[in-house]
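Enquirer: Here is a sequence with its predicted model. Questions after.
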Amino acid sequence: MVGTESALVADVVVPACAAVGIAFALWQWFVVSKAKASPNVNVEDVGAHGEEEEGAGDGHDAVVRCAEIQSAISVGANSFLFTEYKYLAAFTATFAVVIFLLLGSVHLFSTGSQPCQHTTIGRTRTCKPALANAAFTAAAFLLGAATSAVSVHLAMRIATYANARTTLEARRGIAAAFAMAFRSGAAAGFLMASLVLLVLYLTVKAFSGVYYGDDGDREGLYGSVVGYGLGASSSAMFGRVAGGIYTKAVVVGGELVGKVERDVPEDDPRNPAVIAGMVGDNVGGIAGVGSDLLGSYAESTCAAMFAASISSSSGGDFPAPAAVARYPLLIGAAGLVVCLVTTLLATADVFCSFKAETVRSVARALTVLMTVAALAVSFVALPANFTVYDFGQVKQVKSWHMFFCVAIGLWAGLAIGISTDYFTSNTYSPVQDVADSCRTGAATNVIFGLALGYKSVMAPVLAVAVSLYVGFRLASIYGVAVAALGMLSTVATRLAIVAYGPISDNAAGIAKMAGMSRRIRQRTAAGNTNAAIGKGFTAGSAALVSLALLGAFVSRAGVTTGASVVNPKVSVGLLVGAALPYWLSAMTIKSGDIAALKVVEEVRRQFNTIPGLMEGSASAEPDYARCVRVATGASIREMVWPGALMLLAPLVAGTFFGVTTLAGLLVGAMVSGVQISISGSNSGGAWVNARNYIEAVESEHARSLGPKGSDLHKAAVIGDNIGDPLKDTSGPSINILIKLMAVESLVFAPFFAAHGGLVFK
């Protein structure tokens, strides 16, 4: 099945799978909603454990308190998103105009279709006028940003609806708590992934009616669709940067006053920042990570389709047909089906006796099933032989080559997850060694954590390097893009696991605030390791996606000659690009500290001015909402300069120094950024889980390290606070930096090629 027939099948399969994914998300939501937040459940663990249950009463009061806390978290999360999206709407409207003006200026006075010549392929064909391309690119940009924002908002609503229900289900047992949290995560994950795939497919179909009206300008079509990836990545910038600053501010600000100054326990309802901290779990873990992965998913799909489009006229015996351009969409559709099957197995009652191994088993099963699906799609949807563009040459490709490209990216993603789990989970020796290092103080704890982060970089980098090499050798740029898509093809379940973390963390915090037993809190405490795995996966996928986008940019901008590392234009770009992640890290960490100071001032004010708050008086209620507003306003303001750096760096480099220097800039930023992001995220994850390991005292070794409040525990808390800005703010922001710069460069490549190089021609 090749050519037109395969493209027609894609027109049926892709929207159908996306619709099934949305329906599955709604069904999971229906199952979650059946768990009512009412006291008419088994209350064996509520009000039955002595002093731990003080304030829980007969169980009814605890349930009412859970509902109140859930409402406060939901209001806080919606308040953050509403404020963020006001700024996002203004930004996207303005930047869409910039896209239209700059791309429209490529042929400023063109009024109709015109002959155009690709700078490296050397073909002449009829193209749409520059103003038409600019308009469609701007429209795709707006669609990408809107889709990401809407899907993330819906996912946040699901998560904040499910957190208290997870707490209440924990009274039935750990399996019930896991099923509730994972089903809720699945509803959020499938809704996000399905919406992005469906809107991207509809964008391609809508644009096809215009671009295929004359001579079939496939390159113009997919060049415009790349704007969709830029829009999704721009939305992720707000979610990741503002969300990371917010998360760091409320955690550090709340702990500095609550734990250090006032000696208030974690998640104590007297602390005004405790609700803001739970909002931060959702803002960072769902809005941030979710938008990041969605951006990568959209960008890798767009990069693969664009690479196929320039291959369709590159010559050779078997030029790539339309089926090759639709193949990335089919891989995404197959991924949704595989994720659906895996999720059904994971949440089936017969399998659902949760241990820490459960989520790891889901990831492994997902990889095996997706490998089989990729094999089937590759042989059914692709021609046996075709050619792809290879930097001025053509490369002969077979359908089984593309299967290996998908598979290598898929298994590289699993390897990154396993590596991150090993270095950040307190089940294994690296984190336990970090906990042991606290015996000699905070300094050794910091040293061990930094060493762990640096050491943990090698395995993910090797996984990305192997994927890059295999993808490029088999199918050039197209193969690299498909490998990146392979890593992200199971994004629906990846998002489900990511959302599962904040839901579980919120559930544990709600149990503590409602006065429930420690047993219930332990049944819901599983979020931190999964959050670390999610951060490692986003860093690895960001590296591979940025490499795919870089290859597409180089081909679109015509950077094929003179791009040697000894060329001063390239060297300048490499050096400056390598410095950008360090600069961004400094900006985001400092921004987080400034925002944290605002939270500290507010928490101190409430402790000092609300009578009876410290004493726990029933009439003294913290103003949780005000703390959320303070943190939200500070985080949005403080993201302005980091965001400006991400957006302006490629525009300045391409306009004033040309495409060759810009290519060097992108490579330099990617190479240094991946190292900093992975090491920072893993160091931060190790520090927080070392503290958790000490506090949990679930093993003889952990009990030997000392109780809460000991010098050893204080050293672990210091390490945790140092790690927060690395894992929640600077590390995730770097992922956005390297992807956003690459996709922005690809979108503006025609402008840079036509008008760039004002300083270095």
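Expert: The structure has been received and is ready for your questions.
Enquirer: Report the contact partners of residue 96.
Expert: 138, 139, 141, 142 (CB atoms under 8 Å, 6 or more residues apart in numbering). Where you see a C-beta, it was placed from the backbone N, CA and C, and this is true even at glycine.
Enquirer: tally of neighbours for the third one?
Expert: For residue 141, the count of nearby residues is 27 (other CB atoms under 10 Å).
Enquirer: Go ahead and list the helix or strand containing the residue lying closest to residue 224 once chain neighbours are set aside.
Expert: Distances taken as CB to CB, 6 or more residues apart in numbering place residue 136 nearest to residue 224, at 4.0 Å, with adjacent residues excluded. Under the criterion of DSSP states H and E, residue 136 resides in helix 130-169.
Enquirer: what distance separates that helix from the centre of its chain?
Expert: 13 Å (CA atoms, centre = their mean, to the nearest Å).
Enquirer: So which bits of that helix are buried?
Expert: 130-169 (16 or more other CB atoms under 10 Å).
Enquirer: Repeat that for stretch 425-439.
Expert: Neighbour-count burial for stretch 425-439 [16+ other CB under 10 Å]: 425, 426, 430, 431, 432, 434, 435, 436, 437, 438.
Enquirer: For the helix or strand in which residue 222 is found, name the packing helices and strands.
Expert: In this assignment (DSSP H and E), residue 222 forms part of helix 218-237. Helix 218-237 is packed against helix 60-104, helix 130-169, helix 174-211, helix 289-311, helix 322-347, helix 527-557, helix 731-747, with contacts defined by 3 or more CB pairs under 8 Å, 6 or more residues apart in numbering; DSSP states H and E.
Enquirer: of all these, which lies closest to residue 635?
Expert: Judged by CB to CB, the one of the helices and strands packed on helix 218-237 that comes nearest to residue 635 is helix 60-104, at 8.1 Å.
Enquirer: Let me know the angle separating that closest one from helix 130-169.
Expert: In terms of direction (axes from the mean of the first three to the mean of the last three CA atoms, to 10 degrees), helix 60-104 departs from helix 130-169 by 170 degrees.
Enquirer: relative to helix 218-237, how tilted is helix 60-104?
Expert: Going by the same axes, to 10 degrees, helix 60-104 makes 140 degrees with helix 218-237.
Enquirer: if we can go back for a sec, quick check, nearest of the contacts of residue 96 to residue 101?
Expert: residue 138 (9.3 Å).
Enquirer: Just give me the neighbour total for the residue lying closest to residue 243 once chain neighbours are set aside.
Expert: Spatial nearest neighbour of residue 243, chain neighbours left out: residue 288 (3.9 Å); criterion: CB to CB, 6+ apart. Neighbour count of residue 288, defined by other CB under 10 Å: 34.
Enquirer: Please tell me I have it right and residue 288 contacts residue 246.
Expert: No: counting by CB atoms under 8 Å, residue 288 does not reach residue 246; the two are 9.1 Å apart.
Enquirer: pLDDT below threshold where in this structure?
Expert: For the chain, residues meeting the criterion pLDDT under 70 lie at 1-7, 36-60, 107-130, 212-216, 312-320, 348-360, 525-532, 560-563, 698, 760-761.
Enquirer: pull the longest helix from it.
Expert: Criterion DSSP state H: the longest helix present in the chain is helix 640-696.
Enquirer: contact partners of stretch 160-170?
Expert: 32-33, 35, 37, 41, 45, 63, 66-67, 69-70, 73-74, 77, 176-177, 179-181, 184, 278, 282, 502-504, 506-508, 510-511, 514, 516, 520, 523-524.
Enquirer: so what's residue 580 up against?
Expert: With CB under 8 Å, 6+ apart, residue 580 has these contacts: 645, 649, 665, 668, 669, 672, 673, 737.
Enquirer: coming back round to it: quick one: contacts for the residue nearest to residue 224?
Expert: Residue 136 neighbours (CB under 8 Å, 6+ apart): 207, 210, 224, 227.
Enquirer: give me the number of residues near the closest residue to residue 140 other than its chain neighbours?
Expert: Closest residue to residue 140 apart from its sequence neighbours, by CB to CB, 6+ apart: residue 227 at 3.5 Å. Residues near residue 227, counting by other CB under 10 Å, number 29.
Enquirer: how close does residue 227 get to residue 145?
Expert: 10 Å (CB to CB, to the nearest Å).
Enquirer: Repeat that for residue 284.
Expert: Per CB to CB, residue 284 is found 20 Å from residue 145.
Enquirer: Quick one: the strands in the stretch 501-650 of the chain, in order.
Expert: Under the criterion DSSP state E, counting those that start in this stretch, the stretch 501-650 of the chain contains no strands.
Enquirer: ok and the helix or strand where residue 26 lies relative to helix 322-347, angle-wise?
Expert: Residue 26 belongs to helix 3-33 when elements are defined using DSSP H and E. In terms of direction (the same axes, to 10 degrees), helix 3-33 departs from helix 322-347 by 20 degrees.
Enquirer: Let me know the angle separating helix 3-33 from helix 174-211.
Expert: Using the same axes, to 10 degrees: helix 3-33 against helix 174-211 is 150 degrees.
Enquirer: got the buried residues for helix 3-33?
Expert: By 16+ other CB under 10 Å, the buried positions in helix 3-33 come out as 6-7, 9-11, 13-15, 17-18, 20-22, 24-25, 28-29, 32.
Enquirer: who's in contact with the nearest residue to residue 370 once chain neighbours are set aside?
Expert: Nearest non-adjacent residue to residue 370, counting by CB to CB, 6+ apart: residue 338, 4.7 Å away. Neighbouring residues of residue 338 by CB under 8 Å, 6+ apart: 366, 369, 370, 373, 489, 490.
Enquirer: roughly how far apart are residue 338 and residue 248?
Expert: Residue 338 is 35 Å from residue 248, by CB to CB.
Enquirer: Equivalent analysis for residue 728, please.
Expert: 5 Å.
Enquirer: Likewise for residue 365?
Expert: From residue 365 to residue 248 the distance is 34 Å (CB to CB).
Enquirer: Give me the more crowded residue out of those two.
Expert: Taking other CB under 10 Å, residue 365 and residue 248 do not tie; residue 248 has more neighbours (30 against 16).
Enquirer: The more buried one contacts residue 726, correct?
Expert: No: using CB under 8 Å as the test, residue 248 is too far from residue 726 to be in contact (9.4 Å).
Enquirer: which neighbours do these two share?
Expert: By CB under 8 Å, 6+ apart, no residue touches both residue 248 and residue 726.
Enquirer: residues contacting the residue nearest to residue 198 when sequence neighbours are not counted?
Expert: Leaving aside its sequence neighbours, residue 198 sits nearest to residue 18 (CB to CB, 6+ apart; 3.7 Å). When contacts are counted by CB under 8 Å, 6+ apart, residue 18 touches 194, 195, 197, 198, 201, 333, 336.
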